[in-house]
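Enquirer: Sequence and predicted structure, then a few things I'm wondering about:
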Amino acid sequence: MLEQAARTGRQAALAAGAVLRQNYYKPHQITLKGAIDPVTESDFQSQEMIIALIRQQFPDHDFLAEEEVGQPPAVVQTQPFRWIIDPLDGTVNFAHGYPAFCVSIAFEATGSLEYGVIYDPLRDELFEARSGEGAWMNGRPIQVSKTDRLDRALVATGFPYDIRERLPATLGRMKRILGRVQGLRRGGSAALDMAYVACGRFDGFYEENLKPWDTAAGLVIIAEARGKVTNFEGGGYDIYSPNILASNGLLHEEILKCVRQ
């Protein structure tokens, strides 16, 4: 089952990525789900492609996906197997022509995340992992960085769509981090940020108010790349947690002190 799921997830990510790559250079039809939360025609086309390909192989599986396609996403599982999908993570970037976005797909079996794939179609980089079997980028094994000094660390963050209500806390957290690290980056795609932690490009990543489809695939990939993921309190993270800190493990406690209120 897991091998077939991984093969199907990989195929779906690559196919959806091809749609995004083709549409990237075209004018976009943009609507707003919130004040600063856009959606484009490509979000829907990508998701339709992913779900159609998965349903060909697994017609009875559930889906938890960002955009509504025909019916609301299945938040409550009715089947033991579920796919968690972000068809276009980094929609604001995509809509503005900024080249930092990806497809993110995770496979969950009886409540356990077993496979994750994140695909950057512009760089043609495919990150994936199966539970207990390691993590890869384009078929090559990857691991988190070995940076053990915070003043040598490159850390990533993101801003939630309700940032206007969170400015004081968000800016305070950034100030504490900026005073300790070598660099802080905000790329605009949480899934890509997590993939970059897994392959060692970033030493840590933190953000608040993410959704399950933002982090599900990245969780599998970071775990298999020997990284560490918690909430801001240092407790266990799941896809419904209100905030996330991912790191190479060596710097986790130091970053944790900075992100706590």
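Expert: That came through fine.
Enquirer: Who does residue 31 form a beta bridge with?
Expert: Here residue 31 sits in beta bridges with residue 39, going by DSSP bridges.
Enquirer: Which helix in this structure has the most residues?
Expert: helix 2-24 (DSSP state H).
Enquirer: What is the least confident helix or strand in this protein?
Expert: Least confident helix or strand of the chain, by mean pLDDT, DSSP states H and E, is strand 30-34 with a mean of 64.
Enquirer: What score does the residue nearest to residue 178 when sequence neighbours are not counted have for pLDDT?
Expert: Spatial nearest neighbour of residue 178, chain neighbours left out: residue 184 (5.5 Å); criterion: C-beta to C-beta, 6 or more residues apart in numbering. (Each C-beta comes from the backbone N, C-alpha and C, glycine too.) For residue 184, the pLDDT comes out at 97.
Enquirer: so residue 184, which of the three states?
Expert: When classified by DSSP: H, G, I helix; E, B strand; the rest coil, residue 184 comes out as strand.
Enquirer: and it, how far is that from residue 159?
Expert: Note on residue 184: its distance to residue 159, by C-beta to C-beta, to the nearest Å, is 12 Å.
Enquirer: Show me what counts as buried in stretch 137-152.
Expert: Residues 137, 142, 144, 145, 147, 150 are the ones in stretch 137-152 that count as buried (16 or more other C-beta atoms under 10 Å).
Enquirer: Now do the same for stretch 83-97: mean pLDDT, whole number.
Expert: For stretch 83-97, the per-residue pLDDT averages 95.
Enquirer: So between residue 184 and residue 159, which is more surrounded?
Expert: residue 159 (18 against 15; other C-beta atoms under 10 Å).
Enquirer: Now do the longest helix of the chain, average pLDDT.
Expert: Here helix 2-24 scores 96 as its mean pLDDT.
Enquirer: Tell me the helices and strands packed up against it.
Expert: helix 41-57, strand 81-89, strand 102-109, strand 112-120, strand 125-130 (3 or more C-beta pairs under 8 Å, 6 or more residues apart in numbering; DSSP states H and E).
Enquirer: mind checking how far it is from the chain centre?
Expert: Chain-centre distance of helix 2-24: 15 Å, with C-alpha atoms, centre = their mean, to the nearest Å.
Enquirer: Dump it to PDB, restricted to CA.
Expert: What follows is helix 2-24, C-alpha atoms only, in PDB (Å, rounded to 0.1, in the frame of the first residue of the first chain):
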ATOM      1  CA  LEU A   2       2.700   2.500   1.000                       C
ATOM      2  CA  GLU A   3       4.800   1.900  -2.100                       C
ATOM      3  CA  GLN A   4       1.700   2.400  -4.300                       C
ATOM      4  CA  ALA A   5       0.700   5.500  -2.300                       C
ATOM      5  CA  ALA A   6       4.200   7.000  -2.700                       C
ATOM      6  CA  ARG A   7       4.200   6.300  -6.400                       C
ATOM      7  CA  THR A   8       0.800   7.900  -6.800                       C
ATOM      8  CA  GLY A   9       1.700  10.900  -4.700                       C
ATOM      9  CA  ARG A  10       4.800  11.500  -6.600                       C
ATOM     10  CA  GLN A  11       3.000  11.300  -9.900                       C
ATOM     11  CA  ALA A  12       0.300  13.700  -8.700                       C
ATOM     12  CA  ALA A  13       2.900  16.200  -7.400                       C
ATOM     13  CA  LEU A  14       4.800  16.200 -10.700                       C
ATOM     14  CA  ALA A  15       1.600  16.500 -12.800                       C
ATOM     15  CA  ALA A  16       0.200  19.400 -10.700                       C
ATOM     16  CA  GLY A  17       3.600  21.100 -10.800                       C
ATOM     17  CA  ALA A  18       3.600  20.900 -14.600                       C
ATOM     18  CA  VAL A  19       0.200  22.800 -14.500                       C
ATOM     19  CA  LEU A  20       1.600  25.500 -12.200                       C
ATOM     20  CA  ARG A  21       4.800  25.800 -14.300                       C
ATOM     21  CA  GLN A  22       2.700  26.300 -17.500                       C
ATOM     22  CA  ASN A  23       0.300  28.800 -15.800                       C
ATOM     23  CA  TYR A  24       3.100  30.800 -14.100                       C
END
